[in-house]
Every structure is written in structure tokens, then in C-alpha cells.
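In: Return a 3D structure for these sequence lines:
(one chain, ligands or ions: 1)
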Amino acid sequence: MSGAPESMDHRPLGDLLCPEPDERPDLWPWSARRREDGALEIGGAALPDLARDFATPAFILDRADLRGRAGVWATAMAEEFWDGYGMAGADAFYAGKAFLSSDVVRTVTGEGMGVDTASLGELTMALRAGAEPSRIGLHGNNKLNSEIELALTAGDGAGIGRIFIDSLAEVAQIERIASALGTTARVMVRVKTGVHAGGNEYVSTGHEDQKFGVGAFDGQLDEVIAAVEASPHLELRGLHSHIGSQIQGTAAFEEAAGIICGLAARISTGIGRPLPEIDLGGGVGVAYTGDDPVPTSPVEAARAIAAAVRGACEELGMPIPRVSVEPGRSTIAPAMVSLYRVGAVKDATLGEDAAEALHGRRRYIAVDGGMSDNIRPALYGARYTATLANRVSDAPPVRSRIVGKHCESGDVIVWDVDLPADTAAGDLLVVPVTGAYGYSMASNYNMLTKPGVLAVENGEAEWIMRPQSIEDLLALDPGCR
Ligand code: LLP
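Out: As a prediction, this is how the structure comes out:
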């Protein structure tokens with residue numbers, strides 16, 4: 001499944017209005033509010049002022065909100081897995097693929113999260129930003145030697161906390177590099193649990209027929225464990241499972257937790273000692289539009305996972321391992337919005353089906369960004385919503401599609417939203433919940449420059465990722481100097 005979602009054309013006008021911050025706080029940064037003059041405010045700064053003083057398009061991060069969400073994840077895990085409850089402790093690692101910058105690393109680690117990385121770039125960024133190496137993990141289904149070398153030498157040679165082994169071949173690769181460096185690699189093995197969950201086929205990762213992890217029930221896991229155990233430079237820390245992304249509810253996580261505990265018990269028996277840790281990955285979903293349910297909170301997720309782990313371990317008669325999770329989207333998505341300036345506005349005449357409900361037309365509202373700063377609607381058919389950021393309007397709603405300025409018709413930011421009929425060039429539109437997989441999946445398609453990321457807090461704003469300039473792009477081309 002990808003591309004355009006099923007059409008929602010037939011829903012009556014007014015059904016696809018963007019919820020205001022006081023109507024659906026879960027869709028907005030914690031500080032978002034509508035001012036009396038009609039402007040939206042985030043972090044104590046009015047969005048029209050930010051557009052004037054900085055730039056559009058821009059990602060706007062409510063840093064206090066991110067700090068809060070990171071703190072809630074870290075605290076929820078620590079509380080639910082507290083040893084006073086007979087548990088063995090827990091960790092929350094922020095999945096940097098959702099969005100990484102040095103400011104974000106410092107913000108989330110300051111609240112007690114570790115950092116989960118999946119490439120040389122992410123790992124270097126986490127280290128350069130000062131994340132404690134022992135609180136960093138490295139993922140990847142096809143790791144480069146350079147990634148493994150950095151993982152093993154970071155922190156003055158102590159290495160990062162954990163490398164997630166994704167295949168049998170990788171065992172030999174890490175053993176070879178660790179041996180050459182005269183060090184020991186702490187590893188966990190990523191397994192496919194068979195649990196199929198997540199919003200889109202492209203982001204669902206626990207089932208058998210996909211590229212990540214090793215099979216749990218076809219002999220692959222046992223082969224990998226035997227190879228790790230036979231490697232003098234590898235220390236087996238435990239098992240990992242990531243079942244998918246944008247998952248609603250807790251049932252799939254509970255199921256995966258039970259399966260991983262069962263596998264850990266089987267392996268412990270085989271190797272003659274308990275595995276100290278399990279990691280249950282990321283995947284907790286968020287709401288993107290008023291149609292989406294209020295999402296599972298970190299506290300609910302941690303509590304459900306804790307109960308599932310405890311129940312499984314009791315049944316299996318095994319000691320409770322330390323448990324970690326890797327939430328990306330749920331940590332940062334709602335803490336950020338995208339701010340665009342409206343340009344060209346035009347109406348398309350609709351076919352008979354939709355004509356009646358929508359008074360015959362769909363409005364195309366073009367903004368100054370597009371699929372280069374948010375590929376998710378085009379890639380996954382992801383739905384977003386949007387509202388005016390500079391004013392409120394009593395004009396009747398018009399079914400609108402917010403599009404970018406790229407050279408293709410799939411360049412859509414919001415498939416369907418009801419916006420006031422007087423929305424016009426110069427207005428500002430804000431799209432909430434763009435903190436995860438927006439900037440991090442941005443491109444330079446059509447040689448558009450990537451927007452910057454503006455952090456706002458206490459009315460003060462600063463770029464934590466400056467906007468690219470045309471010169472940044474041209475600098476890569478030796479013929480353009
Ligand atoms: N851990 C591992 C091993 C992962 O592969 C992922 C996401 C996460 C943690 C974080 O998952 P989260 O908590 O953010 O759901 N680009 C897609 C999402 C891809 C997710 C890939 N792995 C999207 O925009 O929906």
C-alpha cells in the first residue's frame with residue numbers, strides 16, 4: 001500500500017476541519033494556543049512573527065514539549081520496571097531516525113533517554129552531541145565496517161552500549177573488527193517475532209517476509225546465537241524485536257513481549273545462563289488528524305509491556321530481564337509543526353461522484369514547500385491536517401488539497417482538509433505532527449533547499465538546523481564553484 005489514500009471526497013463539507021489545540025491537544029505541541037488576534041502561538045511565539053523574522057517553510061519545534069515527552073518515556077519505563085516492584089530496570093532509547101540534531105540529542109538525553117542510531121551519520125551525530133556512548137545503540141540490516149568500527153571505538157575505546165546483530169554474516173563481521181581492535185562488542189540479536197503490526201506495509205517489520213532480523217522459529221536464531229557464543233570478542237546481551245511503526249494500542253507489543261521472553265528462555269536454557277536484557281523496539285503511534293484515536297501514552301505502553309514481561313517470565317520460570325524500548329515517533333512527532341506560506345490557489349472541477357457533497361469543486365492550495373519536506377503523504381498515503389496560522393476566518397469551508405511546488409501531481413502535503421473559502425496567497429498554513437520522519441526523510445528534489453528547524457521556548461526562537469541555501473547545494477558540484 002502506498003500513494004494516494006482512498007478518497008474521502010464524499011464526506012460533507014465541514015467534516016474535515018482541523019481540530020484546534022484546545023479541541024485535540026494530542027495533535028499539537030503542549031504550548032500551542034490560538035491568540036485573541038487569531039494567530040497560533042507555539043512556545044510563546046506567534047507563528048506569523050516567526051514567519052516574518054525567520055523563514056517559511058520551516059519546521060517549528062516546541063522544545064519544552066520534546067523535553068516533556070522524553071522525560072515521560074524515560075520516567076514511565078523506570079517506574080514500571082523499578083526493582084522495588086521486583087523488576088530489573090529499564091531504558092528508553094530515542095530512535096534518532098525520526099529526527100536527529102545535536103539539540104534534540106541533548107534535550108532527550110538530558111531527560112534520561114539513550115539514543116538509538118541506524119547509520120554512520122546518526123551515530124556520529126549522537127556522539128558529537130555528547131550522548132553517553134554506553135547509552136547508544138546501533139541498528140542496521142547491512143552495517144558498514146566503518147559503522148561497526150566507530151561503534152566499537154567510541155568513548156575512548158569503550159564502545160557504545162549495544163550493537164544489534166541483524167544476520168549470521170554480521171556475527172563474523174563484528175567479530176573480525178572487534179578482534180582487530182582488541183575489544184569486545186556488546187551485542188543483541190534482532191529477531192522476527194511473527195507479530196505483524198503497524199500503519200503501513202512499508203513500516204511493519206516483525207513478520208517473516210521482510211529484510212530485518214533473523215527468523216526465530218526456523219533455526220536461524222539458534223545458528224546466530226551459537227556463532228555469537230563461539231566468538232571470543234562478542235558478549236551476548238540479549239534479544240531485540242521491533243514489530244513496526246505507527247501502532248495503535250498495546251496488544252501487539254504485549255504479544256511481542258511474550259514471544260521474546262519465550263525465546264530468551266529457550267536460549268538461556270541452551271547457553272546455560274540467563275540473558276540480561278530484551279529490547280522491544282519502537283512503534284507507538286500518534287494521531288495525525290481529528291479522525292485518529294487519541295494515542296497510547298508512554299505510561300500505558302510501559303505498563304502494558306511490564307505486565308506482559310512479568311507474566312511471561314513467571315510462567316517461564318525465568319528471571320525478569322532489563323527491558324528497553326526505542327520510541328521515535330511518539331517522542332517527537334507532536335512536538336513539531338510545519339509552517340508554510342500560501343501561494344497559488346486554484347479550483348478543480350470535480351466529477352459527478354463528489355460534486356454534490358463538495359459543491360462541485362476541490363481547491364488546490366499550493367505552499368512554498370512540498371514532498372521534499374514531507375514525503376509521507378506521497379509515499380504512504382499518510383494523512384495530515386492543516387489550519388490557518390495567521391488568523392481565523394468565518395468564511396464557509398471549502399474541501400482543499402494542500403500541495404507543494406514540485407513537478408509532479410503526487411506532491412501532496414494534505415490530501416483533504418476543509419479550509420476557509422477566503423484562504424489566499426500570503427496566508428500561513430500550519431500542519432501539525434510533522435516532527436517524526438519529516439525533516440529526516442527530506443530531499444532536495446527539484447533542487448529545493450531543505451527548510452530549517454526552529455526551536456521555540458519561552459518566546460525565544462533559534463535555528464537548531466539552519467535552512468539550506470542554494471550555495472549549500474551548489475557547493476557539492478565542483479563545476480559550480
Ligand atoms: N527501533 C527500530 C529498530 C526501528 O526500525 C524503528 C523505526 C524505531 C525503533 C522507531 O519506531 P517509531 O517509534 O518511530 O515508530 N518512515 C516511516 C517510519 C519508519 C520506521 C522505521 N523504523 C514513517 O514515516 O512512517
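In: can you pull out the helices in the stretch 1-150 of the chain?
Out: Applying DSSP state H, counting those that start in this stretch to the stretch 1-150 of the chain gives helices spanning 47-53, 63-80, 102-110, 120-128, 145-153.
In: just so I know, which of the ones you listed lies nearest Ser245?
Out: helix 63-80 (15.6 Å; Cβ to Cβ). Where you see a C-beta, it was placed from the backbone N, CA and C, and this is true even at glycine.
In: counting contacts, what elements does the closest one pack onto?
Out: strand 90-95, helix 102-110, helix 298-316, strand 322-325, helix 329-332, strand 452-457 (3 or more Cβ pairs under 8 Å, 6 or more residues apart in numbering; DSSP states H and E).
In: again, 6 Å this time
Out: strand 90-95, helix 102-110, helix 298-316, helix 329-332, strand 452-457 (3 or more Cβ pairs under 6 Å, 6 or more residues apart in numbering; DSSP states H and E).
In: Now the second one: average pLDDT?
Out: What it means is helix 102-110. Mean per-residue pLDDT for helix 102-110: 98.
In: repeat for the longest one
Out: Averaged across helix 298-316, pLDDT comes to 97.
In: so what secondary structure elements neighbour it?
Out: Using 3+ Cβ pairs under 6 Å, 6+ apart, helix 298-316 is in contact with helix 63-80, helix 251-271.
In: Pull out the buried positions in that helix.
Out: Buried residues in helix 298-316, counted by 16 or more other Cβ atoms under 10 Å: 298, 301-302, 304-306, 308-310, 312-313, 316.
In: Close to the ligand: what parts of the stretch 301-450 of the chain are there?
Out: Within the stretch 301-450 of the chain, the residues that sit near the ligand (Cβ under 6 Å from any ligand atom) are 326-330, 376, 436-437.
In: so which of the helices of the stretch 1-150 of the chain comes closest to the ligand?
Out: helix 63-80 (10.1 Å; Cβ to the nearest ligand atom).
In: in the protein, which helix or strand is least confident?
Out: The helix or strand of the chain with the lowest confidence, counting by mean pLDDT, DSSP states H and E, is helix 352-355 at a mean of 66.
In: Residues contacting whichever helix or strand comes after that helix from elsewhere in the structure, which ones?
Out: With elements assigned by DSSP states H and E, the helix or strand that comes after helix 352-355 is strand 361-367. Strand 361-367 has contacts (Cβ atoms under 6 Å, 6 or more residues apart in numbering) with 340, 342-348, 350, 398-403, 429.
In: Need the max-distance pair from those residues.
Out: Tyr340 and Leu350 (24.2 Å).
In: the more surrounded of these two?
Out: Tyr340 (28 against 17; other Cβ atoms under 10 Å).
In: hang on, that one packs against Gly370?
Out: No. With contact defined as Cβ atoms under 6 Å, Tyr340 does not reach Gly370; the gap is 8.9 Å.
In: on that earlier part again, I'd like a version of the helices of the stretch 1-150 of the chain in a markdown table, one that adds distance to Ala178 and mean neighbour count as further columns.
Out: Formatted as a markdown table, the helices of the stretch 1-150 of the chain follow (distance: least, Cβ to Cβ, whole Å; neighbours: other Cβ atoms under 10 Å):
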| stretch | distance to Ala178 | mean neighbour count |
| --- | --- | --- |
| helix 47-53 | 48 | 18 |
| helix 63-80 | 29 | 22 |
| helix 102-110 | 26 | 21 |
| helix 120-128 | 16 | 19 |
| helix 145-153 | 6 | 19 |
